[in-house]
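Novice: Here's a sequence, model it:
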Amino acid sequence: MKVFKMFSPSTALTRQSGVFKHRASIASTCRVFLGLFLAASVQYCGTEAKSGECADLALVLAIDGSGSIDMAEYNTQIDGYRAALVSPAVRHALARAGRVEIGAVLWGDDAKQSVILPLRNVDHTEALDKLAEELRLVGRRTSGNTGIGTAIALSLGLLAEPGHCAVRQVINVSGDGRGSRSPVGPRSTNANAYLPPEAARALAAEAGVTVNGLAILNEDPGLADYYLSTVITGPGAFVMTVEGFESFEDGLVRKLVREIEPMSLSALSEGSH
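Specialist: Next comes the predicted model:
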């Protein structure tokens, strides 16, 4: 497995929460998000942080369900997430990371509804087991084009839900394709919902949220470079790659360990990747 260099912009980590609410329509989600996210309240999380109630890490798993991934590959991907979440390596990393919240966005075409699993505290084994089981039970509800921008936007909205704040906020994007737009016409009545990955990436950078990438190279050998230049951002952001879905679980475990561990510990082990 390859690891691409870290991207470290000078933007300081911003501790924030907000007023974003998930909408049933992806189109209205993007419009509301663009208008409100950057105006989200910093005061809430600042108050919570002073009282010690903010999580040390909030992590959103942004899982590709677009049409470039067939059903067998999708199931392999979900099985990989389920196995990784309950693996000894990830659980050990969680134990060293303090209080951690994890949620998920299962995304695909911008014009189709995504599935959101809310953030929850995973400080005990049962919580991780429950999240892994939810990923299995939710099923596949999207396909089509590759809406990476919407995936990031929805993940940012999840991080900004009232009642949640974290010192570190991370979005874990995995996929096997580049962002693509639904064509205007009968196939996509919500074509105006398209949010370019670059625009979503800029929102994440402004909010101090780290976006990391796990690029699956089964169809596009240059995908890692695309993730590096177009998708990832934030403090300590990085791209990892796997050659195909057969090695997805192993790559995901290593990626989760790296982004869950406090950055100082992750930096010490970076040379082993």
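Novice: surely residue 86 meets residue 131?
Specialist: No: counting by C-beta atoms under 8 Å, residue 131 is not a contact partner of residue 86; they are 9.2 Å apart. C-beta: built from backbone N, CA, C; applies to glycine.
Novice: out of the two, which sits in the busier spot?
Specialist: Using other C-beta atoms under 10 Å, the more surrounded residue of residue 86 and residue 131 is residue 131, with 20 against 14.
Novice: From residue 67, how far off is that one?
Specialist: Going from residue 131 to residue 67 by C-beta to C-beta, to the nearest Å gives 26 Å.
Novice: Over to residue 194?
Specialist: 15 Å.
Novice: Same drill for the two, tell me which one is more crowded.
Specialist: Neighbour count, other C-beta under 10 Å: between residue 194 and residue 67, residue 194 has more, with 23 against 14.
Novice: wait, the more buried one sits on residue 149?
Specialist: Yes: contact status for residue 194 versus residue 149: in contact at 7.2 Å, counting by C-beta under 8 Å.
Novice: shared neighbours of these two, anything?
Specialist: Taking C-beta atoms under 8 Å, 6 or more residues apart in numbering as the criterion, residue 194 and residue 149 both touch residue 110.
Novice: residues making contact with the longest helix along the chain?
Specialist: When the chain is parsed with DSSP state H, its longest helix is helix 71-85. Residues from elsewhere that reach helix 71-85, judged by C-beta under 8 Å, 6+ apart: 61, 63-65, 69, 90, 102, 104, 128, 131-133, 135-136, 140, 174, 176, 218, 245-246, 248-249, 252-253, 256.
Novice: Would you mind giving me the PyMOL syntax to select the buried ones in those?
Specialist: For the buried members of the contacts of helix 71-85, the matching PyMOL selection, counting by 16 or more other C-beta atoms under 10 Å, is:
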select buried, resi 61+63+64+65+69+90+102+104+128+131+132+135+174+176+218+245+248+249+252+253+256
